[in-house]
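J.: Okay, predicted coordinates and the sequence, questions at the end:
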Amino acid sequence: MNPPRNLEYEQLWLNAHTDTRAAVYTFSSCIALADLNADGDFKLIVADLGTGSTNVKLKVYKGTSLHSETALLDVPTGVVSFYMDNSEPRMPAIAVASGSNIYIYKNMRPYFKFSLPSMDVNPMEKDLWLQVRDDQMEVPVLVELLNNLNSEIGFAQLSTQSQHLLALDPLNAASFVQLYSKNPLKRQTVVTCITTLKKALADEKAVSCLVVGTESGEILVLDPEAFTILEKIKINNQDSSTIIVPAVLSAFGLHAVEFRIIAACRDGSLRVARRGWTESKLLVQLPAQPVAMTVSPENASITIALMNQTLQCISKKGKLQWVVTLPAAACALCPIPLPHQSTTLIAVSLNGGLLQLYNGRQLVDVIKATQSVSGLAFGKFGQEENALIMFTVDGSLLVKILKRTAHFNLQGGGTSANIVPAVAQQIKLQIPKKTRLFLDQTMRERDNCVMMHRTFQRDLFQLRVDVARACVKALQSCNNPISLEGAEPVKLSAQVLGLGPLFKMVIMLQNISASTLIQDVGILFHFDDKMYTMEKPFINVPMLVPGVEYPFETMIRNISELALSDQIRVLVVREGQSQPLLAAIINMPVCDLLGMV
Amino acid sequence: MNSSRSEYSNGIPARSVPKSRQETSSKAPELNAIEGRNWLIHRHFTRKEFGICKILIQEELERTRGKQEFANYIQGLILRHEGKIQESLECFQICHSLHPKNVDYIKQVARSLFLLGLHNLALEAYLDAQQISEVPDWDIFYNLGECWLRLGEHTKAKESLRQAVQLGHHERCYVALASIYKLEGDTQSAIEIYKAAVESAPDSAQLATALGLLYLEEGKYQHALEKLGGALARDPQYAQALLAAGAMMQNHSDYDVALSKYKIAAQSWPESPALWNNVGMCFYGKKKYVASLSCLKRAHYLSPLDWDILFNLGLVHMATQQYASAFHFLSAATNLRPAHAGTFLLVAISLRHLDDPDNASEAFKQASLLAPLDASIPLNYAVFLESQGDLDGAALQLERFQELAQVTPRLSPELVQTATQLSKLLSNRLRSRNGSKTDENEMSSKSKLAIEVEAQVRVRNHPVDSSPEGETPNSMADDEV
């Protein structure tokens, strides 16, 4: 899709800040914009994944400068800002989900750590570890029994401790068991996605619950003050053994009244859960895996970017409303609410650095970044109402501000259906041009077609005769690299290595018959002895087993004083038979003159 | 709180990034959940950042000595995406051995087997999956159907696919089921399936187009046009529908409308031989022969063994009186489809212009042998024989024409006109055999005005050619002895 008015697009946004050396590795889910100090100056909170395992930090940007940095212990999954209580001044808390824990920061100080509840441990497994602890069982026996259990219930159903033990080198197993056998057995799951849900009031600064998706296929709704689990929703049916893991979560409504949680799952299903449900329901099975998702607050329609380079909109009933094919794979997506135009655009960042803004299915704006945008957020930043925060894959931070006067041309192109006929008028068929010469030739043919036809037919006939003769000749002189006659179907290929004057010739022989063995053959070289000397002018060939390729090598030295080259004939001969089985002519390369000196 | 990876790096092979934090704790450190980075792998995977993904997977697999299900699973998907089916199969097999009850892993194993062409094994795997899965899964039934089809068991394939359709109303299942019916030549059933498909997915331009094409095959032009129009309303740039609709317009000699459709289709489908063939014949219809030739030549370049294009090239070359070129393409066409009478007729006419009466006569005979009921062949033969001076033979052929003309409905008026002219000429000449020779030349020059052939223009509405019936290796003999 070619944006027709590129220049016009750019004018809507101001470049507020560019920091190419921010070196932040992050995702949309790890970016939050919040009024941390309740002073109306919105900060950018971003969790930096560092190298992916170390140097993990929670960074706060105030305006264009880095305000503070806090080291995190493990790779963060998501960052959200939310109001925990009704205390004044209204300072939001930051929740950082990481591994099995959620860390709550207030005023950028660690405030609380919530660990996901441990899941049930298989009683048999518990028993095994108890026996080991009481020294009733040897470590290798434990490992073996755990392995048996593993194949029975699956690796994912074991406790974390057992999983680590099984993944361990057997040599280190004993020390590991010694270290951990005293610990209580735990089966810990991991947070995969996190979002918020307003508790009782729809106000912007109202108290919100945390909604957490876990690797064990559950959605938990947490109370913001006591951190008790308010709702526990299983994603898949009770009886199904396959765990369906949520990849992206979105929640809206009020917890106390009515709410919906939409989960895009790793198996490509879109599921919905509502108040009071203990299981989620399948909304629709997507054609590809989800990348990013947003739910419109107005009509609850879901806009989702998929792995198959499409952006789809699905109604709250699960009906596909439209599909837009994206020019590249989607990386991230965020909603851009425009209250003054009473619409919400969807910004989609694409692989390669393009950022497209859609109003419904219609493309209204395009922003170009230097690199693919990995993390994308839109909202209040500093004093500015409409800021677009972009973190690219190479770690630079771009902040763009939407001009206050900006007005998106929402009716601009109309729907794509209307564009086409107009464009089609302008399209010209690319008909290949014909030259004057072509026309001249046409005229000539018109005048002389009989003569041309006869000449052509005669030459064609001549060609066929020549080909047939050459073919017969080759067959008669066995001058072809594949011999099919008789009981010895042999295939020959040759290779000349080296720059000269010393060459190496490698002859490959293959018996291409189905089952017969070939015996008593040899390779004979026929060459000009004034030009070349050969190490082995005759090679005795052992028995050839069908199908196997046999290499034979010989050295050839060019002894000619002049830098000339000649042909060498390779003949595969049979004992007691005057006619060769097959023959090939090898054109020797001209030898390197410097080598001659 | 788990903090120090260095602490238990004696126990666990250190992660590939060994620079862990230097903190130490006295107690046994808390263990990280083994699936801790699954979400990260998944996120990079969905964003198609396979490079990073592979590094992460490698780290995870090293850390857990290959026991990580999810890492193996994603690695399998990436490998399959890269075309390394065998390797992906191995990954999925590891997943399966780690968690034998997981239906998805079995399905992926089966899918890889299927892609490797091992349909028997894939079928078994899918049957296993079906047994393990508690709820009936349309995907399994769909794939079972595909496997049965590949194994040649059409009835079983249809059964599975029908179940798949009932379970899921998925586009793929409908298409697969309909294509089996089409394969069996049961167009009516295929139409029924597509009808149901269009009902369940009214927004799909593909399904509507497929239905339209089937109607076209059945000859229900009104229905076809309706469906194609519907498809184009949904996706005005859907090339397949554009091509079919354009071909229908072209068949009604509405060349400008057809061309406007082709123009749009050419944007998204610039390398379709069928499209360029049709464009070429549109220009032929508009008598723009040079443009027509260049389009047909492009089509020919894109698909050198396409019979339709060769035939059309011959036809257009005859129109421009380039009989040598015409013969060249037509003889290639006869090689590809030696049972088509029209080609031989054209060959015969071009040979007549190339001054090769013996072969021309052979070609005429072959043509009338292949299509004994085609009225235009004896007429053309008669014109030819008359020009050769074989008046008796011409009269015989003319008689045959008149016989055929009586049984042929909707005979072209041009043919009838030519026939009357010829019969007059013949009677004149038969009379003047004994009489003067003066007016003979006059009359014979008149006979040249007669149109020679009513050749059918080959317009293609399907982008994929149905393979030519029976290719015999060499039938050149006819015209070049």
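T.: Yep, it's here.

J.: Could you pull up the contacting residues of the spatially closest residue to B:Ala245 that is not a sequence neighbour?
T.: Of all residues not flanking B:Ala245 in the chain, B:Leu228 sits nearest, at 4.5 Å (Cβ to Cβ, 6 or more residues apart in numbering or on different chains). (C-beta placed from N, C-alpha, C; glycine too.) Remark: with contacts taken as Cβ atoms under 8 Å, 6 or more residues apart in numbering or on different chains, B:Leu228 is in contact with B:Ala208, B:Thr209, B:Gly212, B:Ala241, B:Ala244, B:Ala245, B:Met248.

J.: Arrange those in a markdown table, one row each, with secondary structure and pLDDT as further columns.
T.: Listed next are these as a markdown table, based on DSSP: H, G, I helix; E, B strand; the rest coil; pLDDT from 0 to 100:
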| residue | secondary structure | pLDDT |
| --- | --- | --- |
| B:Ala208 | helix | 85 |
| B:Thr209 | helix | 84 |
| B:Gly212 | helix | 86 |
| B:Ala241 | helix | 84 |
| B:Ala244 | helix | 85 |
| B:Ala245 | helix | 85 |
| B:Met248 | helix | 83 |
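
J.: Now do the SS call for A:Ile262.
T.: State at A:Ile262, reduced to three classes by DSSP: H, G, I helix; E, B strand; the rest coil: strand.

J.: So B:Ile34 lies in a helix, does it not?
T.: No - checked against three-state DSSP, B:Ile34 lies outside a helix; its state is coil.

J.: Can you give me every residue that contacts it?
T.: Contacts of B:Ile34 by Cβ under 8 Å, 6+ apart are A:Thr160, A:Gln163, A:His164, A:Ala167, B:Thr64, B:Lys67, B:Gln68.

J.: Try it again at 10 Å.
T.: A:155-156, A:158, A:160, A:162-164, A:166-167, A:188, A:190, A:215, B:60, B:63-64, B:67-71 (Cβ atoms under 10 Å, 6 or more residues apart in numbering or on different chains).

J.: Put the buried members of those into a ChimeraX selection.
T.: The following ChimeraX line selects those of the contacts of B:Ile34 that are buried, judged by 16 or more other Cβ atoms under 10 Å in any protein chain shown:
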select /A:155,156,158,160,162,163,164,166,167,188,190,215 /B:60,63,64,67,68,69,70,71
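
J.: Just the ones of the contacts of B:Ile34 in helices?
T.: A:Thr160, A:Ser162, A:Gln163, A:His164, A:Leu166, B:Glu60, B:Arg63, B:Thr64, B:Glu69, B:Phe70, B:Ala71 (DSSP state H).

J.: continuing past the helix or strand containing B:Val383, what's the next helix or strand?
T.: For B:Val383, the element it lies in under DSSP states H and E is helix B:376-388. Per DSSP H and E, the first helix or strand lying C-terminal to helix B:376-388 is helix B:391-407.

J.: Pull out the buried residues from that next one.
T.: Within helix B:391-407, judged by 16+ other Cβ under 10 Å, the buried ones are B:Leu391, B:Gly393, B:Ala394, B:Ala395, B:Gln397, B:Leu398, B:Arg400, B:Phe401, B:Leu404, B:Ala405.

J.: can you list the contacts of B:Leu228 in a markdown table and add neighbour count and distance to A:Leu460?
T.: Formatted as a markdown table, those follow (neighbours: other Cβ atoms under 10 Å in any protein chain shown; distance: Cβ to Cβ, whole Å):
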| residue | neighbour count | distance to A:Leu460 |
| --- | --- | --- |
| B:Ala208 | 27 | 49 |
| B:Thr209 | 27 | 44 |
| B:Gly212 | 29 | 44 |
| B:Ala241 | 28 | 43 |
| B:Ala244 | 30 | 39 |
| B:Ala245 | 26 | 42 |
| B:Met248 | 21 | 40 |
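
J.: which one's the longest helix in chain B?
T.: In chain B, with assignment by DSSP H, the single longest helix is helix B:413-432.

J.: roughly how far is it from the heart of the chain?
T.: 46 Å (Cα atoms, centre = their mean, to the nearest Å).

J.: Also compute the angle for that helix relative to helix B:376-388, please.
T.: Interaxial angle of helix B:413-432 relative to helix B:376-388 (axes from the mean of the first three to the mean of the last three Cα atoms, to 10 degrees): 30 degrees.

J.: tilt between helix B:413-432 and helix B:391-407?
T.: 150 degrees.

J.: now helix B:413-432: mean pLDDT?
T.: The average pLDDT within helix B:413-432 is 79.

J.: Excluding chain neighbours, what is closest to B:Ala157?
T.: Per Cβ to Cβ, 6+ apart, closest to B:Ala157 is B:Trp148, 3.6 Å.

J.: can you give me phi and psi for that neighbour?
T.: phi -60, psi -40 (degrees, to the nearest 10).

J.: The one 3 residues further on too?
T.: In this entry, B:Leu151 is assigned phi and psi values of phi -90, psi 0 (degrees, to the nearest 10).

J.: Look up the closest residue to it, ignoring the ones flanking it.
T.: Per Cβ to Cβ, 6+ apart, closest to B:Leu151 is B:His119, 5.4 Å.

J.: quick revisit: so which of the buried residues of helix B:391-407 reach chain A?
T.: Among those, no residue lies close to chain A (Cβ under 10 Å from any Cβ of the partner chain).

J.: With pLDDT and distance to A:Ile304 as new columns, can the residues you listed be given to me in JSON lines?
T.: Shown next, in JSON lines, are the buried residues of helix B:391-407 (pLDDT from 0 to 100; distance: Cβ to Cβ, whole Å):
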{"residue": "B:Leu391", "pLDDT": "82", "distance to A:Ile304": "80"}
{"residue": "B:Gly393", "pLDDT": "85", "distance to A:Ile304": "76"}
{"residue": "B:Ala394", "pLDDT": "85", "distance to A:Ile304": "75"}
{"residue": "B:Ala395", "pLDDT": "85", "distance to A:Ile304": "78"}
{"residue": "B:Gln397", "pLDDT": "85", "distance to A:Ile304": "71"}
{"residue": "B:Leu398", "pLDDT": "85", "distance to A:Ile304": "73"}
{"residue": "B:Arg400", "pLDDT": "85", "distance to A:Ile304": "70"}
{"residue": "B:Phe401", "pLDDT": "84", "distance to A:Ile304": "68"}
{"residue": "B:Leu404", "pLDDT": "84", "distance to A:Ile304": "65"}
{"residue": "B:Ala405", "pLDDT": "81", "distance to A:Ile304": "66"}
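
J.: nearest to A:His407, of those?
T.: B:Ala405 (72.9 Å; Cβ to Cβ).

J.: show me the contacts for that closest one.
T.: Contacts of B:Ala405 by Cβ under 10 Å, 6+ apart are B:Ala375, B:Ser376, B:Pro378, B:Leu379, B:Leu411, B:Leu415, B:Val416, B:Ala419.

J.: Good, we can wrap up now.
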